[in-house]
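>>> predicted structure and sequence below. I'll ask about it afterward.
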Amino acid sequence: MPAVPSNVKAKDAIKAFEKFGFQVNRKKGSHIILVKPDYEFVLSVPSHAGKDLKKGTLRSLIRDAGITVQEFIDAL
């Protein structure tokens, strides 16, 4: 299993998740909410200016999206 990248910005992660059918639904505070039609999970991506996503948070988002780390890396 490849390692989760450690230097991913929220906007880059959102673009990658959009390639898998997720769409930006709304913004609540400093979090971007992504939804996918007929999918049980909602992704809440923290968007803090100038900061990378933490590895554990990113891994959790990837798992909730139903994709592998390698698929995510390829979509970046």
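That came in fine, so what should we check first? Just so you know, these numbers come straight off a predicted model, no measurement behind them.

>>> name the helix or strand of the protein that has the lowest mean pLDDT.
Each helix and strand of the chain was given a mean pLDDT (mean pLDDT, DSSP states H and E); the minimum falls on strand 23-28 at a mean of 93.

>>> and the next helix or strand past that strand?
Going down the chain from strand 23-28, the next helix or strand is strand 31-35, by DSSP states H and E.

>>> for that next one, packing partners?
On a contact count with 3 or more C-beta pairs under 8 Å, 6 or more residues apart in numbering; DSSP states H and E, strand 31-35 meets helix 10-18, strand 23-28, strand 43-46. Every residue, glycine included, has its C-beta placed from N, CA and C.

>>> can you show me the CA trace of it as CSV?
What follows is strand 31-35 as a C-alpha-only set of coordinates in CSV (Å, rounded to 0.1, in the frame of the first residue of the first chain):
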residue,chain,number,x,y,z
HIS,A,31,-14.9,23.1,5.7
ILE,A,32,-16.0,22.2,2.2
ILE,A,33,-18.8,19.6,2.0
LEU,A,34,-18.7,17.2,-0.9
VAL,A,35,-21.5,14.9,-1.8
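
>>> alright, calling it a day.
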